[in-house]
Every structure is written in structure tokens, then in C-alpha cells.
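[1] return a 3D structure for these sequence lines:
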Amino acid sequence: MKKYFFCLAALILATPVSSYAANVQHGRQLFESICAPCHGSNAQGNVGPNIVGQSVKKIEWALNNVGMMKPVKSSNPQLSNVQNIEDISAFLHTLKK
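    Predicted coordinates for the structure are as follows:
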């Protein structure tokens, strides 16, 4: 019974980590192709501001309310997908402030 419990616990703990790592990698890919030209390769700011560590809520707000961001969102349908925004945010949280 103990062996079964430890195997089950290991499986449960491993799944979110690998899933999170995949989300971060996907977020990195999206960031590099869509966001980096304005926010810099490490999100430190360039034409756009520093967005290191930004939350999903703040990213969504900017996409919907900041004038410069509206054309970016309309020309990139990936930014209308909540999971993609969550992945970008997950990536931004891996960067050093």
C-alpha cells in the first residue's frame, strides 16, 4: 500500500511541473515572436515598458486598454486566447527583475 501511495504521489507532483514547464516554454515562444520587438528580449523594456513578472490580469488590461496594444492584439489572434496570455505571464515570471 505504501509503495502504491508513493507512486501515486510522485505522479501527481510530476504532472503539474512538466505541464508548467511546457506552459513557460510556450509563453517564451509567444513572447519572442510577438512581444520582444517592443519589450526587449528579456522584457526589460525597449519601445514598450519593462513587463518582467506581469500578471495575467495586467497583460489582459494592457491588451484591451492601451492604445498602442490594440493593433498588436488585433493582428495576433493568439493574444485573444486566455491560455496563451497565462503562458506568457508564466514566462515573464521566470525572468529576473
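
[2] what distance do you get for the residue nearest the centre of the chain to Ile51?
    Residue closest to the average C-alpha location in the chain (Cα atoms, centre = their mean): Ile88, at 1.6 Å. According to Cβ to Cβ, to the nearest Å, Ile88 stands 9 Å off from Ile51. Where you see a C-beta, it was placed from the backbone N, CA and C, and this is true even at glycine.

[3] what do the two both touch?
    Cys35, Ile59 (Cβ atoms under 8 Å, 6 or more residues apart in numbering).

[4] returning to what we had before: check which helices and strands the helix or strand that the residue nearest to the centre of the chain is a member of sits against.
    Per DSSP states H and E, Ile88 falls inside helix 82-92. If contacts are counted by 3 or more Cβ pairs under 8 Å, 6 or more residues apart in numbering; DSSP states H and E, helix 82-92 sits against helix 2-30, helix 56-65.

[5] looking at these, which has the lowest confidence?
    Comparing mean pLDDT across these, the weakest is helix 2-30, with a mean of 69.

[6] would you tell me what the next helix or strand after it is?
    Next along from helix 2-30, by DSSP H and E: helix 36-39.

[7] mind listing what's buried in that next one?
    Ala36, His39 (16 or more other Cβ atoms under 10 Å).

[8] which residues sit against it?
    Phe31, Ala43, Gly45, Asn46, Val47, Gly48, Pro49, Asn50, Ile51, Val72.

[9] farthest-separated two in the residues you listed?
    Asn50 and Val72 (16.8 Å; Cβ to Cβ).

[10] what about Asn42, which SS state?
    Under DSSP: H, G, I helix; E, B strand; the rest coil, Asn42 falls in the coil class.

[11] ok, how many other residues are close to the closest residue to it other than its chain neighbours?
    Leaving out its chain neighbours, the residue that sits closest to Asn42 by Cβ to Cβ, 6 or more residues apart in numbering is Leu95, at 5.8 Å. Here the number of neighbours of Leu95 (other Cβ atoms under 10 Å) works out to 16.
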